[in-house]
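*Asks:* What follows is a predicted protein model with its sequence.
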Amino acid sequence: MSQTQASLRGGPEPLVSVRGLRTLFATERGLVRAVDGVDLNIHKGRSLGIVGESGCGKTVLSRSIMGLLPSTAHREGSVRYEGHELVGKSVGSMRRFWGQEMSMVFQNPMVSLNPVMRIGEQIAEPLRIHLGMSRSDARDTALQLLEEVRIPEPKRRLRQYAHELSGGMRQRVVIAIALSCGPAILFADEPTTALDVTVQSQILDLIAERRQDRNMAVVLVTHDLGVVAGHTDEIAVMYAGKIVERAPTNELFANVKMPYTRSLLRSIPRLDDDPHTRLHAISGRPPDLIDPPSGCRFAPRCAYAREKCHVEAPPLQSTENPDHVYACWYPVGSAEFVEREEELVATGVHVRGRQ
Amino acid sequence: MSGAGHAHLRELNDAVLQVRDLEVIFGSGRAPRVQAVSGVSFDIARGETLGIVGESGCGKSTTGRAIMQMPPATAGSVLFEGDDLGAMSQSELRLARTRVQMIFQDPISSLNPRRRVRDSVAEPLDIWSRGTPAERRQVVDDILADVGIDPEQAAVARPHEFSGGQCQRISIARALVLSPTLLICDEPVSALDVSVQAQVLNLLEDLKARYSLTMMFIAHDLAVVKNISDRVAVMYLGRLCEIAPSRELYAHPAHHYTRVLLDSIPVPDPEVIAVGHELVGDLPSPVDPPSGCRFHTRCPAADDQCRTEEPVMRAVGEDHYVACHHPLVTSVAIST
């Protein structure tokens, strides 16, 4: 872990610094280690992507940072926001941070909006509660916010209900609510997964524009590396509750180290591939977080794993680029990796190709 | 002219599915009528995979369901291996449906949560009493093994004990257990993670070869559709706007809408800068669709002709047809 911290180098003071964060859930079957020792910095005005499959702990991580967890959860470690330690804070004292300092956009806009409350009231509510605005000020600001998220006919929308809006428009409303109190960080948890591709690009662009205008940090949580490629400065890849690779976006795509990241990238169907190109699926699924595998947690699914991987957990180490860290004994490009890749190509399991 | 014309229909000796002027209108009486599908025609040759893409609300799922006659189309015909499904009696239709099967988007809700998954997969065989009980057991075990589910676990476990990807595999097994000719897949991977999505797409390709399937693959993700399809049809607001072999469609999109769809796919490469053909506004209401070309309200190339005159399918390349007055590809060089 000291190595991990060493890799989170100086630079400007981060807005949020997460150190040794663990989030545990007590269940009937035992203790679920959903987040298991994460170190992370979030910088002002920058965007961070958190990527991984379902069940890797990416959603729990973002909620743990915000303190939005059910009562069965237990947090250990440290989350510092502008010098304030958030771990251990009560819900009451977290209210000061929610909305004004950090806010969240969830995956399904139909569930996160109240179906029996007008759109205008839903946007005005945080303004009145958190910022103490008067009814008429809140109404004016709500109108401005709807314009800011580019909803057509904003005046009419204020009086409508969620079911009267399309999926994309609902998500814009959710973003307007999240932006309403001027947060310094916006967490977006799979904000476009429920939406069409055309709407997806509009929403991602909208979030990027608002980030620049407001100099706000954005944390984009998704399973799709395609989504984060064009919309983040830095990416953290999670697997089984741990960060397994972290790098500036361009560096990560140019120089993938962790076989898991590479597999995620190669499982995306690409437009420049011919029809019926066989996809590189990752066999199996993420491990049970009650009793994760010893050694590297990805080893049971990794085509490049060797004996050491099953026994000893690899630490996060940096590449020549100190901002790029990964946890793997035999990273992409290493002699052992290349040797195994040759075998896999020779036996026809893998197709030689891009990356 | 109703619909987008028939220029794109092929003369197939061995067509599995021929859809003609399909129209689905929801609502009756004084309720506003939703024109979900308006004059859609296409055909699928044996062994072919036809992809259907478009945004939510374009009528792609309704088209798939209308083929299954649930509910039947308001107008038009669906010929399955030459027989008109819409003209069949209930019992004939039930028999025909054993050869046309469908899988759906949400794999968990398409399985009965209270039944053991093996029983769900075996049910179609039991209903039709195909073979002896021992033979049926063998068929079910084989098919479960083919989709990568342990038959022994399936005999005792219920859907909640499986992941989303596994539930989709089970749904696929259930759809294939009667050895259908045509498999209609309605967004089968859009609820899945990319890694699991790749597993299921590979599985569908394998099963297509092993069971000699013809497929119709409905999805909103063009990259997924390109990967699995031989031909791709693009739908917008209940209308077909373009149809072409998948490689051709992606290399030379002719409809402005197709280009927008292609440009909005996120590329997993930060070096690629978005080209920026973005759609403005939302999908118009299918209750009162725009006159002329239905895309004209959002199309960068729209003019007066587009506002008044409905474009008809015409050839812009080999086996490449588009319903647009001002297509992006105009080189009509077709050998007759």
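*Replies:* Yep, that arrived.
*Asks:* host element of the residue nearest in space to the middle of chain A?
*Replies:* Centroid-nearest residue in chain A, with C-alpha atoms, centre = their mean: A:Val221, separated by 2.2 Å. Following DSSP states H and E, one finds A:Val221 within strand A:217-222.
*Asks:* Just checking: what are the partner strands of that strand?
*Replies:* Using DSSP bridges, strand A:217-222 pairs in its sheet with strand A:47-51 (parallel), strand A:185-189 (parallel).
*Asks:* And for the helix or strand that the last one is followed by, what's in contact with it?
*Replies:* Downstream of strand A:185-189, the next assigned helix or strand under DSSP H and E is helix A:197-214. By C-beta atoms under 8 Å, 6 or more residues apart in numbering or on different chains, the surrounding residues in contact with helix A:197-214 are A:45, A:47, A:105, A:148-150, A:167-168, A:171-172, A:175, A:179, A:182, A:186, A:188, A:191-192, A:195, A:216-218, A:220, A:227, A:230-231, B:55, B:220-222, B:260-261, B:263-266, B:274, B:278-279. Using the backbone N, CA and C atoms, a C-beta is placed for each residue, glycine as well.
*Asks:* Would you mind writing the CA trace of helix A:197-214 as PDB?
*Replies:* C-alpha atoms of helix A:197-214 as PDB (Å, rounded to 0.1, in the frame of the first residue of the first chain):
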ATOM      1  CA  VAL A 197     -26.500   5.900 -28.400                       C
ATOM      2  CA  THR A 198     -27.600   9.200 -30.000                       C
ATOM      3  CA  VAL A 199     -28.800  10.500 -26.600                       C
ATOM      4  CA  GLN A 200     -25.800   9.000 -24.900                       C
ATOM      5  CA  SER A 201     -23.400  11.200 -26.800                       C
ATOM      6  CA  GLN A 202     -25.500  14.300 -26.200                       C
ATOM      7  CA  ILE A 203     -25.600  13.600 -22.400                       C
ATOM      8  CA  LEU A 204     -21.800  13.000 -22.200                       C
ATOM      9  CA  ASP A 205     -21.100  16.100 -24.100                       C
ATOM     10  CA  LEU A 206     -23.400  18.100 -21.900                       C
ATOM     11  CA  ILE A 207     -21.700  16.800 -18.700                       C
ATOM     12  CA  ALA A 208     -18.300  17.700 -20.300                       C
ATOM     13  CA  GLU A 209     -19.400  21.300 -21.100                       C
ATOM     14  CA  ARG A 210     -20.900  21.900 -17.700                       C
ATOM     15  CA  ARG A 211     -17.600  20.600 -16.200                       C
ATOM     16  CA  GLN A 212     -15.600  23.200 -18.100                       C
ATOM     17  CA  ASP A 213     -18.000  26.100 -17.400                       C
ATOM     18  CA  ARG A 214     -18.100  25.400 -13.700                       C
END
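*Asks:* What's the mean pLDDT across it?
*Replies:* Mean per-residue pLDDT for helix A:197-214: 89.
*Asks:* Run the angle between that helix and strand A:185-189 for me.
*Replies:* 170 degrees (axes from the mean of the first three to the mean of the last three C-alpha atoms, to 10 degrees).
*Asks:* Pass me the low-pLDDT residue ranges in the stretch 1-150 of chain A, would you?
*Replies:* A:1-11 (pLDDT under 70).
*Asks:* Write the PyMOL selection for whichever of the contacts of helix A:197-214 are buried.
*Replies:* In PyMOL, this line selects whichever of the contacts of helix A:197-214 come out buried by 16 or more other C-beta atoms under 10 Å in any protein chain shown:
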select buried, (chain A and resi 47+105+148+149+150+167+168+171+172+175+179+186+188+191+192+195+216+217+218+220+227+230+231) or (chain B and resi 55+220+221+222+260+261+263+264+265+266+274+279)
